[in-house]
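>>> sequence plus the predicted model coming up.
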Amino acid sequence: MKNIKSYTIITFGSFLVALGVILFFVPNNLAAGGVTGISMILNSIFPFIPIGFLMIVLNVLLFIIAFLILGNKFGAKSIYSGLILSFFIYILEAFLPKNFMLTDDLLLCSVFGTITCAIGMAFVFNQNASTGGTDIIAKILNKFFHYDIGKSLLVVDFLVILGAAAAFGVNRALYGMFCVIINGIIVDSIIDGLNQSKSIFIISKKEKDIIEYIINDLERGCTLLNGQGGYNNDELRVIFSILDRKEFIKLKNYIKVLDDNAFIAVSRASEVLGEGFKILRED
């Protein structure tokens with residue numbers, strides 16, 4: 001059931017990316033990096049081959065190269081995401097009228113295309129998947145030239161932008177670079193929001209009741225830390241727990257009624273890995 005939900009989210013995210021690409025990037029020749037950008041450049045040379053079909057071929061080739069050079073380091077979700085995104089783009093190309101264009105304003109297309117793609121990519125990335133094969137190129141660069149993965153991805157996208165400059169002109173290539181930069185910022189922000197949890201420290205004389213509420217009602221775990229008061233040197237125990245936003249609100253309201261002298265310290269945990277949250281390693 002959990003896998004079905006995960007693949008459904010990946011499918012939805014990939015569809016959003018496909019919409020952003022077909023509605024905004026492709027009609028205005030904005031090759032914003034990745035396999036999509038490479039396919040757009042190739043399509044400008046071979047216009048009779050659909051971009052979606054080129055993406056399918058490139059992704060299949062890159063995944064074969066990945067298995068030969070890198071071994072089995074790409075999970076089923078990444079393969080599925082790369083192929084379903086290519087398929088969606090292929091279908092949208094086939095059904096939409098030729099030369100379909102919502103607007104020819106490059107700035108509007110850059111902004112709305114990037115936002116749409118970034119939202120879709122954030123959903124995909126949050127399920128421990130990837131949207132395309134340029135990750136494979138980055139990992140190959142990392143293996144043979146020892147570049148960081150992040151820097152390798154920037155190198156790949158920069159090369160795609162150079163190709164876009166040759167195919168579509170410097171002006172559109174610069175807009176493509178703008179899309180790549182903003183896309184990364186938006187994706188990180190959305191993922192932080194999706195994974196945001198609360199890191200909570202509680203000091204209360206009603207600690208047993210609070211612990212029971214966290215375990216039995218919220219169905220979360222907690223840890224007891226031994227402490228000592230700085231003012232009177234009294235020994236005390238601190239309850240530590242990680243909760244999502246809704247759970248924290250429930251706990252806070254419970255403690256308000258239970259012990260209005262309780263001390264609660266809350267900070268944001270941008271990502272939590274482990275049991276009950278995001279699994280450390282997932283296919």
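That came through, no problem. Numbers count the residues shown, from 1 in each chain.
>>> would you mind identifying the next helix or strand past the strand or helix carrying residue 165?
If you go by DSSP states H and E, residue 165 is part of helix 149-168. Of the helices and strands lying after helix 149-168 in sequence (DSSP H and E), the nearest is helix 170-194.
>>> helices or strands up against that following helix?
Here helix 170-194 touches helix 106-125, helix 149-168, going by 3 or more C-beta pairs under 8 Å, 6 or more residues apart in numbering; DSSP states H and E. Every C-beta, even on glycine, is put in place using the N, C-alpha and C of the backbone.
>>> the inter-axis angle of the last one versus helix 170-194?
Right, the one you point to is helix 149-168. Orientation of helix 149-168 against helix 170-194 (axes from the mean of the first three to the mean of the last three C-alpha atoms, to 10 degrees) gives an angle of 150 degrees.
>>> re the thing from before, for residue 57, find the nearest of the helices and strands packed on helix 170-194.
Residue 57 lies closest to helix 149-168 among the helices and strands packed on helix 170-194, at 16.6 Å (C-beta to C-beta).
>>> returning to that earlier point: export the helix holding residue 165 as CSV, just CAs?
Provided in CSV are the C-alpha atoms of helix 149-168 (Å, rounded to 0.1, in the frame of the first residue of the first chain):
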residue,chain,number,x,y,z
ILE,A,149,27.6,15.2,-7.3
GLY,A,150,26.2,18.7,-6.9
LYS,A,151,29.1,20.2,-8.9
SER,A,152,28.8,17.5,-11.5
LEU,A,153,25.1,18.2,-12.0
LEU,A,154,26.0,21.9,-12.5
VAL,A,155,28.6,21.0,-15.1
VAL,A,156,26.1,18.8,-17.0
ASP,A,157,23.5,21.6,-16.9
PHE,A,158,26.1,24.2,-18.0
LEU,A,159,27.0,22.0,-21.0
VAL,A,160,23.3,21.7,-21.9
ILE,A,161,23.0,25.5,-21.7
LEU,A,162,25.9,25.9,-24.0
GLY,A,163,24.2,23.6,-26.4
ALA,A,164,21.0,25.6,-26.1
ALA,A,165,22.9,28.8,-26.8
ALA,A,166,24.2,27.3,-30.1
ALA,A,167,20.7,25.9,-31.0
PHE,A,168,18.4,28.7,-29.8
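>>> next one: it to chain centre, how far?
20 Å (C-alpha atoms, centre = their mean, to the nearest Å).
>>> re earlier: dump the helices and strands packed on helix 170-194 to CSV, plus mean neighbour count and mean pLDDT.
Output for the helices and strands packed on helix 170-194, formatted as CSV (neighbours: other C-beta atoms under 10 Å; pLDDT from 0 to 100):
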stretch, mean neighbour count, mean pLDDT
helix 106-125, 21, 90
helix 149-168, 18, 81
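>>> closest one to residue 20 among those helices?
Ranking the helices and strands packed on helix 170-194 by proximity to residue 20 (C-beta to C-beta) places helix 106-125 first, at 3.4 Å.
>>> got the angle between that closest one and helix 170-194?
If you take the same axes, to 10 degrees, helix 106-125 sits at 40 degrees to helix 170-194.
>>> for helix 106-125, packing partners?
helix 2-20, helix 170-194.
>>> give the next helix or strand downstream of it.
Downstream of helix 106-125 (by DSSP H and E), the next one is helix 134-145.
>>> which neighbouring elements make contact with that following helix?
Using 3+ C-beta pairs under 8 Å, 6+ apart, helix 134-145 sits against helix 34-45, helix 51-69, helix 149-168.
>>> how near is the residue lying closest to residue 125 once chain neighbours are set aside to residue 127?
What sits nearest to residue 125 in space, not counting adjacent residues and going by C-beta to C-beta, 6 or more residues apart in numbering, is residue 191, at 6.1 Å. Distance of residue 191 to residue 127, given as C-beta to C-beta, to the nearest Å: 11 Å.
>>> ok, residue 104 - how many residues close by?
Neighbourhood size, residue 104 [other C-beta atoms under 10 Å]: 9.
>>> for it, grab phi and psi.
The phi and psi values for residue 104, taken as degrees, to the nearest 10, are phi -100, psi 10.
>>> got it, and residue 97?
Backbone torsions of residue 97, given as degrees, to the nearest 10, read phi -60, psi 150.
>>> would you single out the least confident of the helices and strands packed on helix 106-125?
Between the helices and strands packed on helix 106-125, the lowest average pLDDT goes to helix 170-194, which shows a mean of 83.
>>> list the buried ones in it?
172-173, 175-180, 182-184, 186-187, 190-191 (16 or more other C-beta atoms under 10 Å).
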